[in-house]
Structures are given as structure tokens and as C-alpha cells.
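# I would like to see how this sequence folds:
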Amino acid sequence: MNELAELRQRVAELEVMGIERRWGKESLPEYPERLQEMAVGRGIANKRILIVEDSLVQVARLKNLLQERGYWVTVATNGQEALAAAREREPDLIISDIIMPGMDGYEMCQAIKHDGVIRDIPVILFTVLSDTKDVIRALKAGVDYYLTKPYYENHLLSQVESALARPVRQKNDGAEEELEVAFGGERHVITSDRQQILNLLLSTYDNAVQQNQKLINTQRELQKMNEQLQQGIIDRKQAEGEIRRLKDFNEGIVQNMAEGIAVEDAEGRIIFVNPAAADLLGYSPEELVGQHWTAIVPSDQHPSVQAAHERRMLGEADRYELQLVRQDGTLVPVLVSGSPRIEEGRFAGTLTVFTDITEHKQVEEELQQSLERLRRTFDETVQALASAIRTRNPYMAGHQQRVTQLACAIAREMGLPEEQIEGIRVAGLSHDIGKISVPIEILSNPDGISDLEYGIIKAHPQIGYDILKAVEFPWPVAEIVLQHNERLDGSGYPQGLSGDEILLEARIIGVADVVDAMSSHQPYRAARGLDKALEEISQNRGALYDPGAVGACLKLFKQKEFKFERETKDRDQVGWLTGDVRRPS
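Residues are numbered from 1 along each chain as shown. Predicted structure coming up:
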């Protein structure tokens, strides 16, 4: 064994001994040699996690998952026990359930954040997160991150690593602020440090994205099941029987099938139904035979069914959704598979198989409602971020909103798809979020900015990227924020990118940023005016600024009379962000 390997093994042994003395041997993972090697290699040998959970099943699953990754884990079964363990052992991270006997997760977190010794330990709470009031309560309690149940293991591990890597508070920074945060349509005053608020809001959105992806995956699975069901119906009920006489059907199979079957003649009159079809419609089979199909189809759907009938006369089969009228007048949604019956080379009528899809429709409606709730949570999270920025510097929030409005208008003028424009909107609203770390004295200094102060301000794209990179946005938001001050000729910052190395979304926001910054008042200089701003981007079109974005911007102002919407206190913020407002008279 070489000297380096011996040194690494000795370090691992010493770390294990230290953990044994502080946490007890019962905390050690089952495979210390393997985990020592993992811990040293990944730099987490001394990372200690306290799990607070009263469910033994949940404790076993979470403890095994974390220990397999090389973390040192101990367990408390309630809030009081967790407080004692935290004070005694000072873990690096606490993961807790909310609902527990005695002291719940919110009360435990609040007690931790008021304890001068352990207040800096980050806290992750497990929750269903179904109400925006949960977010406000968590902010007031000092919660740092949220995770929803049930959780994906990879997502949980990613959040744990992020929580351990991202500081909750900066030592000696210390002072808590009163921030007025707009969330869920209401305004709340939160007393906490701004980093904790940002961490919680970002983890809230991250969880919303994860839940949104779960819903999308469920929708895809349901769609796949529907397609398989449709194909199965065709395979089982229509193979060969779709183009043969009625006598080719096996009477026993047809009579006992769960799906409804109806046979029509060439004129559209029903000549046979199976018991399942009659039961679904509330008739006896004898009552349906002889009726025209128009008797069981709502009048407003007659044109679409007639068109399908005409296609079948030409030999085409089809599938579509339809509503049928029951005998009591109620409507039932069905999936229809219709095929022509050919006898002696001529169209002889239609064979129709229909399946009741009432439950599927209910599931789709519930999924759509859940998706809408997640979208509202997303918009409210973006709104809350903008609100937090506005409390630091009212000009900065107004600037981000105007840049967002202009950037989205430019993108739309360039013909970009709405999904890409939505990413520009989110990035625009947070493109200067890194300035939240710049001292307010610099941002509001009326005497101008020194070279040193300008250097501090130039760090804001990188800080914004570091804040946003852990959030799994559907768009490259963190990269857009990082690149919005880059220029085509490589003279921008912070990376000195040039040309197509810069994302198109960042180039668009860069043009909008320059126009608003030059045409608006700054604390350290007066506004230069819109004409000067347009002259700047026009003269440097293709040199500093994207030519397509500049062309669209000039067209908006000079031909389409674009004007910024000015924010008012009473205006609905989400409506303003999406452009769903009228210009004030």
C-alpha cells in the first residue's frame, strides 16, 4: 500500500472514531469499511444527519438510504427528543416529518431557530404541500427546505446535498429583516433572513416542478393505457368480425363481453345490441333494436357521427369519444370504435364497440385541476421572489418587471414558441436576483459608483446563478441569468462569452435590460431617455447585441408603439406578469 492510500485509510479510521465518541456506535452504518472509503472520496465523512420521524417504516427507509450514501445518521421519534439530540450532537442537517405527537415539525423548527447554539442547522420538512398557507407558516417557523411525500430517492438525495452545500445563514451577517412577501393573493410580514426565505421559496418551487412531472408521467401512463385498451378492443372484438357477416360472431362471447356492442344496418338502424350495451343505456336489448342511432346520440353531436357513418360507407374504420343518451336522459361518455360491415362487396352497415370512460374522464379532470393548482403555486412563488427583491430595492423590482415585459414582447415578435417565452418570463423576473447580496448602500448611492463597487455589482450574475442552479426549472433559467450581461464580441461578463456561446434567451433579455436601464432613472444617475437607449442598441446591432432581438425591439417601439406597463399597488401581480392587463389611461 502506498503512502497516500495509507494516509486516506488512517483519516477514515480517525473520522469513524470521532463519530463513535460523539454519536455512539449504534449510529454507525452496517458496512464501515465501504462507507469510510465512500465518505473520504466524496468529502462527506463528517456530515451528520438527524432524522425526526415517528413511523418506524419511514425511519428504516430513510436511514438506510442516507447511510448507503456515506452519511452518519441518528434518529429521534418526536420534537422534544429531536431538540435534545440537536443540542447534544449538533448535526449538520435535520430532516423531520410535520405531524408528530406532542411537538409538531413547525414547533420544533421554531424552537431550533430561537436557540442561539443550534439555530444555523438547516431543517428540511416533509409535507404534502397542498396549501399556500403551509408555505407562510414554514417561513414564519424558519423552515429552510420542503420535500413532499411520497419522494423520489434521487430527488431527496439531491436536496440533502444542496442543503448541506448551500449556507442557510451567513455567520456574523446575522440581522434578521422584516420582509413583506406577497404569496397566495395575500401580503405577509416575515421576520427572517433573506437567504432562508429564498431557500424555502426555491425548494417550494422545486417540489412543485417535481409534483408537476409526476402528474405529467401519470397522464402519459393513462394515455398509454387508453391506447392499449383501444387496441385490445379492436384486437378482441373486431378482428375479422369487422368485415364479416353477423353470423361470424361467436354468440356466447358477444353476449358476455363487458364492452357494449351494437350492429347497425346500412341506413343506421340498430339490428343488434349485446346486454352490456343495453345495460349501459338503461334499455332492454329489445327496446333498442329497430331504433336509429340518432335516438341515443345528443343532437349537437349528430354531425360528427354522421360524418363517421359516411367514412365507414367508404370502408374506413375510426375511433373517437362520444356521449350517448341514456333512457333517463342522462349522458354517459364512451370511447367508440366503429368499423364497416361488408357483405358481397357492398357496405352493409356498421359494427360499433363502445366502452364507458366515465372513470377515466373523472381522473383526467382531477389531474387537470391538480396541474392548475401547481401552476398557481409556481406563479405565486415567482411573485414572492419578486416581492422579496422589491423590499430590498423598489427600483430593482420595477426594473426586473419592465425587462421581463419587454423581453417577452421581443421574443413574441421574433416568433418564438410560447413555451420558450415562458422560460424568458421566469428568467427575466429573476435576472437580477443576485443583487440581493449587494449592499443597499451601493445600489442606492446618489453620488455614483466607484470601480470597486462596480466590481461588486458585476458579481451579481454569478451569485444569481448559484442561487438558482439547484432548482430543476423546465427551462435553463440559471444559465440565462448567468449570461444576460454577456455581449456578442466577448466584452461582457462574467465569462466573456461571444456569439452563439450565449443562449438566445440571454441575448434577448440583455437587449431589454439595456433599454430599460438607460431609459429609466437610476439612484446614481438620471435617466438618459428612450431615444438614447434605442440609439445605443441600433448602433451596436450585431456587434454587442443580437441583431434579431434588436430588430424586434426597434419594431416594437417605432412601429407598434410599445409602452411599458407601470406597476400599481392594486394591480393583480400575476396578471401583470403574464401581460393580461390594459394600459392605464
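
# got the domain boundaries for the chain?
According to automatic domain parsing, the chain is divided into the following domains: 3-177, 231-357, 393-578.

# Nearest to Thr377, out of the ones you listed?
Taking Cβ to Cβ as the measure, the domains of the chain were each checked against Thr377, and domain 3-177 came out nearest at 6.8 Å. For every residue, glycine as well, the C-beta is placed using N, CA and C.

# after the helix or strand hosting Arg376, next one along is what?
Take DSSP states H and E as the rule and Arg376 turns out to sit in helix 358-392. The C-terminal neighbour of helix 358-392 among helices and strands, as given by DSSP H and E, is helix 394-413.

# all strands for the stretch 1-150 of the chain, in order.
48-52, 72-76, 93-97, 123-127, 145-148 (DSSP state E, counting those that start in this stretch).

# now the ones you listed as a markdown table including mean neighbour count, distance to Lys469 and mean pLDDT?
Supplementary listing: the strands of the stretch 1-150 of the chain in a markdown table, determined by neighbours: other Cβ atoms under 10 Å; distance: least, Cβ to Cβ, whole Å; pLDDT from 0 to 100:
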| stretch | mean neighbour count | distance to Lys469 | mean pLDDT |
| --- | --- | --- | --- |
| strand 48-52 | 24 | 23 | 94 |
| strand 72-76 | 22 | 27 | 93 |
| strand 93-97 | 24 | 19 | 92 |
| strand 123-127 | 24 | 18 | 84 |
| strand 145-148 | 23 | 15 | 78 |
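
# Export those strands to TSV and append columns for distance to Ser158.
Written out in TSV, the entries for the strands of the stretch 1-150 of the chain read as follows (distance: least, Cβ to Cβ, whole Å):
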stretch	distance to Ser158
strand 48-52	15
strand 72-76	18
strand 93-97	13
strand 123-127	12
strand 145-148	10
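
# Packing partners of the longest strand out of those in the chain?
Under DSSP state E, the strand in the chain containing the largest number of residues is strand 331-343. When contacts are defined as 3 or more Cβ pairs under 8 Å, 6 or more residues apart in numbering; DSSP states H and E, strand 331-343 packs onto helix 194-233, helix 275-281, helix 302-313, strand 318-325, strand 346-356, helix 358-392.

# Lowest average confidence across the ones you listed, which one?
Averaging pLDDT over each of the helices and strands packed on strand 331-343 singles out helix 194-233 as the lowest, with a mean of 65.

# Tell me how many other residues surround the residue lying closest to Leu222 once chain neighbours are set aside.
On the basis of Cβ to Cβ, 6 or more residues apart in numbering, the spatially nearest residue to Leu222 that is not a chain neighbour turns out to be Val363, at 6.5 Å. Other residues near Val363 number 14, with proximity taken as other Cβ atoms under 10 Å.

# gap between Val363 and Gln369?
With distances taken as Cβ to Cβ, to the nearest Å, Val363 is found 11 Å from Gln369.

# With Ala76 instead?
When Ala76 is compared with Gln369 (using Cβ to Cβ), they lie 37 Å apart.

# cool, Ala84 as well?
43 Å.

# How about Glu88?
For Glu88, the distance to Gln369 - Cβ to Cβ - is 46 Å.

# Kindly export stretch 139-152 (C-alpha atoms) in CSV.
Output of stretch 139-152 as CSV, limited to C-alpha atoms (Å, rounded to 0.1, in the frame of the first residue of the first chain):
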residue,chain,number,x,y,z
LEU,A,139,-41.5,30.9,6.6
LYS,A,140,-42.6,32.1,10.0
ALA,A,141,-41.2,28.9,11.7
GLY,A,142,-37.8,29.3,9.9
VAL,A,143,-38.0,26.2,7.8
ASP,A,144,-35.2,26.1,5.2
TYR,A,145,-36.4,23.5,2.7
TYR,A,146,-39.5,21.4,1.8
LEU,A,147,-39.8,17.9,0.5
THR,A,148,-43.1,16.3,-0.5
LYS,A,149,-44.3,12.8,0.3
PRO,A,150,-44.0,10.4,-1.4
TYR,A,151,-40.5,11.3,-2.5
TYR,A,152,-38.2,10.1,-5.2
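
# Pull out the buried residues from that stretch.
Taking 16 or more other Cβ atoms under 10 Å as the basis for neighbour counts, the residues of stretch 139-152 that come out buried are 139-148, 151.

# And stretch 364-373, by the same measure?
Buried positions in stretch 364-373, judged by neighbour count with 16+ other Cβ under 10 Å: 370, 373.

# need the domains of the chain in JSON lines with distance to Leu222, can you?
What follows is the domains of the chain, written out as JSON lines (distance: least, Cβ to Cβ, whole Å):
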{"stretch": "domain 3-177", "distance to Leu222": "19"}
{"stretch": "domain 231-357", "distance to Leu222": "11"}
{"stretch": "domain 393-578", "distance to Leu222": "21"}
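
# and of these, who's closest to Asn217?
When these are ranked by distance to Asn217, counting by Cβ to Cβ, first place goes to domain 3-177 at 10.9 Å.

# so where is the stretch 51-200 of the chain shaky, pLDDT-wise?
Low-confidence regions of the stretch 51-200 of the chain, defined here as pLDDT under 70, cover residues 128-132, 166-200.

# With Lys133 as the reference, name the closest of the strands of the stretch 1-150 of the chain.
Short answer: strand 123-127, nearest of those by Cβ to Cβ, at 11.6 Å.

# what helices or strands is that closest one leaning on?
Helices and strands in packing contact with strand 123-127 are listed as strand 93-97, helix 105-113, strand 145-148, helix 153-165; criterion 3+ Cβ pairs under 8 Å, 6+ apart.

# try 7 Å
strand 93-97, helix 105-113, strand 145-148 (3 or more Cβ pairs under 7 Å, 6 or more residues apart in numbering; DSSP states H and E).

# From the chain's centre, how far out is it? Work that out for me.
Computed by Cα atoms, centre = their mean, to the nearest Å, the chain-centroid distance of strand 123-127 equals 18 Å.

# Next one: the residue in the chain sticking out farthest from the centre from Ile357, what distance?
The outermost residue of the chain, judged by C-alpha distance from the chain's mean C-alpha position using Cα atoms, centre = their mean, is Glu344 at 58.0 Å. In this structure, Glu344 and Ile357 are 35 Å apart, going by Cβ to Cβ.

# closest to Ala506 out of the strands of the stretch 1-150 of the chain?
Distances from Ala506 to each of the strands of the stretch 1-150 of the chain were compared using Cβ to Cβ; the shortest belongs to strand 145-148, at 28.1 Å.

# what are the pairing partners of that closest one, and which direction each?
Looking at strand 145-148 with DSSP bridges, its partner strands are strand 123-127 (parallel).

# Next, the angle strand 93-97 makes with the partner strand.
What separates the directions of strand 123-127 and strand 93-97 is an angle of 20 degrees, with axes from the mean of the first three to the mean of the last three Cα atoms, to 10 degrees.

# So what touches strand 123-127?
93-98, 105, 109, 112, 134, 138, 143-149, 159, 163 (Cβ atoms under 7 Å, 6 or more residues apart in numbering).

# Go ahead and confirm Phe272 touches Gly260.
No: under the criterion of Cβ atoms under 7 Å, Phe272 is not in contact with Gly260, lying 11.4 Å apart.
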